[in-house]
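*Asks:* Based on what follows, work out the 3D shape:
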Amino acid sequence: MHTYLIKNGYIINEGRKYYADLLIKDGRIEKIAPNIDTKLSVKEINAEGLYVLPGCIDDQVHFREPGLTHKANIKTESTAAVAGGVTSFMEMPNTYPPALTQELLEEKYLMGSQHALANYSFFMGTSNDNYDEVMKTNEKKQSICGIKIFMGSSTGNLLVDNPLSLEKIFSGCEVLIATHCEEEKMIKERFQALQQQKTLTAADHPIIRNDEVCFESSWKAIQYAQKHGSRLHILHISTAKELQLFTNLIPLKEKRITAEVCVHHLHFTNDDYEQMGNLIKCNPAIKAPHNKSALWEALLDNRLDVIATDHAPHTLAEKGFMRDAQTGKLVCNNADYLHAHAGLPLVQHSLLLMLYYVQQGKISIEKVVEKMSHAVADCFQIKERGYLREGYFADVVLINPQQGITVTKDNLLYKCGWSPLEGTAFPMQIDKTFVNGHLVYANGSIDESVKGMRLAFNR
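*Replies:* Model (predicted):
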């Protein structure tokens, strides 16, 4: 493994901006200082004019392996991740077969060790009838990010809607519980009522999966967590109403109930369905503009703790779209809302999107680093990552703030081959990405020779 000396970079870390050098040795950050002069044999990188950030940690992705690899796999999506400055990911259990046993979960970890270019962890799946398998996760709390409960409809038999099952899981689980919160009964009732009135379109998605659907489920999860003292993390908050359930009055490290916001809920609103239709169909739904405004406010005042993607790729055909052979643009060829799959591919552009909002004055770059790196590490108690600190693993991203990039089909690395952000011109671009001291991405080139590591947790 090479030793690297990053010279004259603009360090963004722990709420500070300052010029310094950063020395990477044996996969870790050896030293950070204003001027490092070393006798070591190093590869020197001139980072003058560049931002130097800790790698992003995405706590919610769907990489589709095993079983759904026609649309994505661990190799392709982790490649897209590192190209986007995401150096660690936590992947969800709704693959096929779903990760509902410890044996199936460890098979995913084996796949990660063989194919992931970023560091990785995988959530244990839950159902109404796999309590004994879920409880075995308690013995692995230092090597597994947590368990996932789908309290709203999902893939296969991963929906957990039995109150007795929920009670048992919340009372017995000693690791972090991550929840998808939408009230399934209300979704079905609203869907059936609306379907009787009209032909449904993508614009109806936030009407069916509305604010109340999300609030009732999130409130229920919090009731279980408070009753049993569980460590609860609610994923992809999408409504203004839910924000009353969370606090900024205590430090993140002391919170037992935390919340995530995803980049698409900070970027799109229901006004975008007219142009994009099923391309932006996702669960929970993208909703009215006042929700977006409230999410931004809560992110900035720390009621929302982390930023993620919920990266969820599907093929264009599964979305009811095709690519025009002459223009290359995405064109709807089937507006059937009922059969269009829910989810968006986002992991390659999440950091760039947030840096766009830095340029717009919506958020500071220090806050972006906090919410996409520091806070995720603190929330999940990830060992020796998420910060630029001496002795920590060298997960480091260099950003060029002077050179932008436009998202096109030709620079996408997702296996599904499309993005809801196509045509977007970002003002900055990822220059280099280090994972455990390995220069995995540089100037558009990928080095696949070294794989990422399994995340460890201080629990």
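*Asks:* use CA for all of it now, contacts and neighbours both
*Replies:* Will do.
*Asks:* pLDDT wise, what is Ser153 at?
*Replies:* The score at Ser153 is 68. That number is its pLDDT.
*Asks:* Leu279 is in contact with His205, correct?
*Replies:* No - the criterion here is CA atoms under 8 Å, and His205 misses it with Leu279 at 12.0 Å.
*Asks:* could you give me the average pLDDT of stretch 321-341?
*Replies:* 96.
*Asks:* any idea how far the nearest residue to Asn400 once chain neighbours are set aside lies from Ile177?
*Replies:* Nearest residue to Asn400 in three dimensions, chain neighbours excluded: Leu50, at 5.0 Å (CA to CA, 6 or more residues apart in numbering). Separation of Leu50 from Ile177 (CA to CA, to the nearest Å) stands at 38 Å.
*Asks:* From Ile149, how far out is the nearest residue to Leu413 once chain neighbours are set aside?
*Replies:* Leaving out its chain neighbours, the residue that sits closest to Leu413 by CA to CA, 6+ apart is Ala80, at 5.0 Å. Look at Ala80 and Ile149: by CA to CA, they are 26 Å apart.
*Asks:* Repeat that for Cys262.
*Replies:* In terms of CA to CA, Cys262 sits 18 Å off from Ile149.
*Asks:* cool, and Ser350?
*Replies:* Taking CA to CA, one finds Ser350 at 24 Å from Ile149.
*Asks:* do Lys136 as well
*Replies:* 16 Å.
*Asks:* Settle it for me: which of those two has more neighbours?
*Replies:* Ile149 (25 against 15; other CA atoms under 10 Å).
*Asks:* helix or strand for the more buried one, which one?
*Replies:* Take DSSP states H and E as the rule and Ile149 turns out to sit in strand 147-150.
*Asks:* Just list what that strand packs against, helices and strands only.
*Replies:* In terms of contacts (3 or more CA pairs under 8 Å, 6 or more residues apart in numbering; DSSP states H and E), strand 147-150 is packed against strand 124-125, strand 177-180.
*Asks:* Measure how buried the residue nearest to Leu413 is and give me the count.
*Replies:* Using other CA under 10 Å: Ala80 sits among 26 other residues.
*Asks:* ditto for the one 10 residues further on
*Replies:* By the other CA under 10 Å criterion, the neighbourhood of Met90 contains 21 residues.
*Asks:* now it, what's its secondary structure?
*Replies:* strand (DSSP: H, G, I helix; E, B strand; the rest coil).
*Asks:* Now for it: which residues touch it?
*Replies:* 58-61, 120-123, 145 (CA atoms under 8 Å, 6 or more residues apart in numbering).
*Asks:* just the buried members of those?
*Replies:* Taking 16 or more other CA atoms under 10 Å as the criterion, what is buried in these is 58-61, 120-123, 145.
*Asks:* Now, those residues that are in strands?
*Replies:* Among the buried ones among the contacts of Met90, the ones falling in strands (DSSP state E) are 58-61, 120-122.
*Asks:* So which residues of the protein form helices?
*Replies:* 74-83, 102-115, 131-135, 163-172, 184-195, 205-208, 211-228, 263-267, 273-276, 289-300, 316-319, 350-359, 365-369, 375-380 (DSSP state H).
*Asks:* Same list, those helices, but as TSV with distance to Val396 please.
*Replies:* Putting the helices of the chain into TSV (distance: least, CA to CA, whole Å) gives the following:
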stretch	distance to Val396
helix 74-83	10
helix 102-115	20
helix 131-135	34
helix 163-172	36
helix 184-195	41
helix 205-208	38
helix 211-228	34
helix 263-267	21
helix 273-276	34
helix 289-300	24
helix 316-319	33
helix 350-359	13
helix 365-369	12
helix 375-380	14
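*Asks:* Return the most buried member of those.
*Replies:* When you average the neighbours per residue for each of those (mean count of other CA atoms under 10 Å), helix 74-83 leads with a mean of 26.
*Asks:* So what touches it?
*Replies:* 63-65, 87, 111-112, 115-118, 347-348, 412-415, 430, 433, 440-441, 444, 446.
*Asks:* Kindly recompute the last result at 7 Å.
*Replies:* Outside helix 74-83, the residues within contact range by CA atoms under 7 Å, 6 or more residues apart in numbering are 63, 65, 87, 112, 115-118, 347-348, 413-415, 430, 433, 441.
*Asks:* just stretch 179-189 next, same as before
*Replies:* Counting by CA under 7 Å, 6+ apart, residues outside stretch 179-189 touching it are 148-153, 208-209, 213-214, 216-218, 233-235.
*Asks:* For that stretch, list the C-alpha coordinates in PDB.
*Replies:* Provided in PDB are the C-alpha atoms of stretch 179-189 (Å, rounded to 0.1, in the frame of the first residue of the first chain):
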ATOM      1  CA  THR A 179     -37.400   1.600  10.600                       C
ATOM      2  CA  HIS A 180     -39.200   2.400   7.400                       C
ATOM      3  CA  CYS A 181     -42.300   4.100   8.800                       C
ATOM      4  CA  GLU A 182     -45.500   4.200   6.800                       C
ATOM      5  CA  GLU A 183     -48.800   2.900   8.200                       C
ATOM      6  CA  GLU A 184     -49.700  -0.100   6.000                       C
ATOM      7  CA  LYS A 185     -53.400  -0.200   6.800                       C
ATOM      8  CA  MET A 186     -53.900   3.500   6.000                       C
ATOM      9  CA  ILE A 187     -52.000   3.100   2.700                       C
ATOM     10  CA  LYS A 188     -54.300   0.300   1.600                       C
ATOM     11  CA  GLU A 189     -57.400   2.200   2.600                       C
END
